[in-house]
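In: Below: sequence and its predicted model.
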Amino acid sequence: MRIGFIGIGLMGLPLCRRLLAAGHPLAVWNRSPEKCRPLAELGAAVATSPAALAAGVDLLLLCVSDTAAVEAVVFGTDGIAAGAHAGLLVIDHSSIAPAATRTLAARLAATGVRWLDAPVSGGVIGAENGTLVIMAGGSVADVEQARPVLMSYAQRLTRMGEVGAGQVTKVCNQLIVAANSLLIAETVALAEHAGVDARLLAPALAGGFADSLPFQILAPRMAERRFEPVQWKVQTLLKDLGNALTLASETGSSVPLASQAEALMRRHADSGQAAADLSSIIALHSQGAPD
């Protein structure tokens, strides 16, 4: 299959590298064209617009920042819809609102274009190592058509239901990650204030009930005040918490911990740390925020 990819950011770049390494023919587009240069050097073609890219591929992957960015790249000037052909399969790795996903998919379906919402979990490290987990919403046939391509960078692809189900699952995932990251920051700060070397927490608790991938990644970075390189942006988790609150409102669910987590994450973002790494939220409890 001819494959296109839109969104060459923290996640998109390693995903595209793995596609190329697996031998897939790849064409790319990004709002900032210079970000495509490393992929062009590896053999990727660079499209002039999302419309041009959509016209020349069978499967089109998206990995952009939020709902507004997906809407712009699909239905904006020279967007995917302007060049899409019947039979095109659009696979969205972005984390966006489930309701918006269903609306976008329905609008494209009228032109014969299929949609798979397939958000990922595992972060930049998972993208680089090919160990992401993907939660998909769409038809069984579309998931299976996409599977050989997506397994270039995933350890597991699970169909969660029809269109929108993947995004609902990602909201649940991000609620756990975001709320857990704030608790990890509290834990590191508590250990420090009580006179314990917080750098020892991750190895000491490894394999126990408190252990998790976020804990093993974030606790050492928080304890060392090591906020580079950026692996998860604060603004990304804040957006995801907003999606969780919206979904809870739409479904009549009570999410008090999500509400508290969103308020704390927003306070940190509003202090000038929106683009900082998630580990920087330790600054909510102690000195050491990045300049």
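Out: Alright, I've got the coordinates.

In: Can I get stretch 247-257 as CSV, trimmed to CA atoms?
Out: C-alpha atoms of stretch 247-257 as CSV (Å, rounded to 0.1, in the frame of the first residue of the first chain):
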residue,chain,number,x,y,z
LEU,A,247,-16.8,12.9,28.0
ALA,A,248,-17.8,12.6,31.6
SER,A,249,-20.2,15.4,31.2
GLU,A,250,-21.7,13.9,28.0
THR,A,251,-22.2,10.5,29.7
GLY,A,252,-23.2,11.7,33.1
SER,A,253,-20.2,10.2,34.8
SER,A,254,-18.7,11.5,38.1
VAL,A,255,-14.9,12.1,37.8
PRO,A,256,-13.8,14.1,40.9
LEU,A,257,-10.2,13.0,40.6
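
In: how about it: buried residues?
Out: By 16 or more other Cβ atoms under 10 Å, the buried positions in stretch 247-257 come out as L247, A248, V255. Every C-beta, even on glycine, is put in place using the N, C-alpha and C of the backbone.

In: Now do it: everything it contacts.
Out: Counting by Cβ atoms under 8 Å, 6 or more residues apart in numbering, stretch 247-257 makes contact with A97, P98, A99, V168, V171, L175, A179, A244, L245, A258, all of which sit outside it.

In: in this structure, which helix has the most residues?
Out: Taking DSSP state H as the criterion, the chain has its longest helix at helix 165-193.

In: Could you list the buried residues of it?
Out: Neighbour counts over helix 165-193 (16+ other Cβ under 10 Å) mark 165-171, 173-175, 177-182, 184-185, 187-189, 191-192 as buried.

In: Check the burial of the closest residue to A178 other than its chain neighbours by counting its neighbours.
Out: The shortest distance from A178 to any non-neighbouring residue, by Cβ to Cβ, 6 or more residues apart in numbering, is to L237 (4.4 Å). The number of residues packed near L237 is 25, by other Cβ atoms under 10 Å.

In: Next: P229.
Out: Neighbour count of P229, defined by other Cβ under 10 Å: 8.

In: Please name the residues that touch it.
Out: Contacts for P229 were tallied using Cβ under 8 Å, 6+ apart; they are D277.

In: so where's the stretch 51-200 of the chain uncertain?
Out: Along the stretch 51-200 of the chain, no part satisfies pLDDT under 70.

In: Tell me where it has strands.
Out: Listed in chain order, the strands of the stretch 51-200 of the chain (DSSP state E, counting those that start in this stretch) span 59-62, 89-92, 114-117, 120-121, 132-137, 154-161.

In: For the last one, which strands pair with it and how are they oriented?
Out: Spelled out, it's strand 154-161. Paired neighbours of strand 154-161 in the sheet (DSSP bridges): strand 132-137 (parallel).

In: any idea of the angle the partner strand forms with helix 165-193?
Out: Angle, strand 132-137 to helix 165-193, by axes from the mean of the first three to the mean of the last three Cα atoms, to 10 degrees: 140 degrees.

In: what's in contact with strand 132-137?
Out: Strand 132-137 has contacts (Cβ under 8 Å, 6+ apart) with 93, 101, 116-122, 126, 143, 146, 150, 153-170, 173.
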